[in-house]
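In: Coordinates only, no sequence provided:
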């Protein structure tokens, strides 16, 4: 597994009959030049807006001010109706009926631009478009009109929350995104105890999906991709699944499922691609860390982030900016220093995949630890014009998301 929300992308690609999988070839293209403002060197056809949004969101989360041209590139990807496609090679050309608008890309862009601030016109139009394509069950599919799925509904919910909307009040025919998520949550007992499914199968049955469960926990809690470290437990507590009559209970059940799934393989999830040899799923493990932290389930989240710190370097280097962003968000959610993540500086590695950022400052987490002098910092000192970059030392928090999955 590579980059979060891949289930929705793969489903959409299958629907439109694309032969190329949603994850780009990890090797840079030698025949095409992509925009210098774009993070990553692989073909952005299926994930350009997604990976750009995650990169900007992760930078902002750790106090890095992104390059102005990188932000501008993302803004210009928006269609006149407020939507975003996965990638528009020529943003000066108007979007038309052939433009494949994408709820996931739109929602990721909203979360990134809302976090950066000063882009209310862009995010407002995007949210308006998302509301206009809400399904009758209260949820969203990857593409407008597509059947609702957990991943898409959850990332849209995060976008709504990021712009100050109350997701439970965003309804279509009296149904909110929480209603859609509850329908996609598996009951207690049997296989997939308390997990979320991606979508019902052709027979209308639900199958547990770890990627969808990580997304569903965040969506059911009304949270986006950024989870602040040290948040108090949200919703009911307990180590057992219970009937999900509320979104909070569905999130609690999902956390129970994720905790058990992570425990099976020493703190990480395994891939489940049909016909392929099972292998560690770094991206979904990172998503699970964020989801568990959002629930206040810090012990399993911290164990998994430690596993990621030891084992994810090669995967991140191959997968690019969205992978680095996922790891940074997982580190942030657990109070782990992303500048010393298993000896790697994730922030530096992410920054090197695109245009140089404007500045680096403190994270919210590091500001809280300033008195101890143990955290990284970044401050502009104006003597001539020079930047002094602080050295980061992670602090321990005791207690504490496209591209090949299913």
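Out: All right, it came through fine. For clarity, every value in this text was computed on a predicted model and none was experimentally measured.
In: low-scoring stretches of the protein, by residue?
Out: For the chain, the stretches flagged by pLDDT under 70 are 1-32, 233-235, 237-238, 360-406.
In: biggest helix in it, by residue count?
Out: helix 247-264 (DSSP state H).
In: quick check, residue 240 in a strand?
Out: No: when DSSP: H, G, I helix; E, B strand; the rest coil is applied, residue 240 is found to be coil, with no strand at that position.
In: In this structure it contacts residue 256, no?
Out: Yes: Residue 240 is within contact range of residue 256, at 6.8 Å (criterion: C-beta atoms under 8 Å). In short, each C-beta sits where N, CA and C put it, glycine included.
In: Tell me which of the two has more neighbours.
Out: residue 256 (22 against 10; other C-beta atoms under 10 Å).
In: Report the contact partners of the more buried one.
Out: Taking C-beta atoms under 8 Å, 6 or more residues apart in numbering, we find residue 256 in contact with 193-194, 238-241.
In: which phi and psi does the residue nearest to residue 149 when sequence neighbours are not counted have?
Out: In this structure, residue 149 finds its nearest non-sequential neighbour in residue 199, 4.6 Å apart by C-beta to C-beta, 6 or more residues apart in numbering. Note on residue 199: backbone dihedrals following degrees, to the nearest 10 are phi -150, psi 160.
In: tell me the contacts of residue 199?
Out: 11, 147-150, 184.
In: Would you map the strands across the stretch 1-150 of the chain?
Out: 64-65 (DSSP state E, counting those that start in this stretch).
In: Over to the stretch 301-406 of the chain?
Out: Using DSSP E, counting those that start in this stretch, strands in the stretch 301-406 of the chain cover 359-360, 378-381, 386-389.
In: how much space between residue 316 and residue 60?
Out: Relative to residue 60, residue 316 is positioned 19 Å away (C-beta to C-beta, to the nearest Å).
In: Comparing the two, which residue is more hemmed in?
Out: Between residue 316 and residue 60, residue 316 has the larger neighbour count (other C-beta under 10 Å), namely 26 against 21.
In: any common contacting residues for residue 240 and residue 256?
Out: Contacts common to residue 240 and residue 256, judged by C-beta under 8 Å, 6+ apart, are absent.
In: quick one on the thing from earlier: for residue 312, state which of the contacts of residue 199 is nearest.
Out: Nearest to residue 312 among the contacts of residue 199, counting by C-beta to C-beta, is residue 150 at 24.1 Å.
In: and that closest one, how many neighbours does it have?
Out: 32.
In: Surely it touches residue 195?
Out: No: the criterion here is C-beta under 8 Å, and residue 150 misses it with residue 195 at 9.7 Å.
In: Common neighbours of the two, please.
Out: 209, 212-213.
In: mind putting those residues in a markdown table, neighbour count included?
Out: Shown next, in a markdown table, are the shared contacts of residue 150 and residue 195 (neighbours: other C-beta atoms under 10 Å):
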| residue | neighbour count |
| --- | --- |
| 209 | 26 |
| 212 | 34 |
| 213 | 33 |
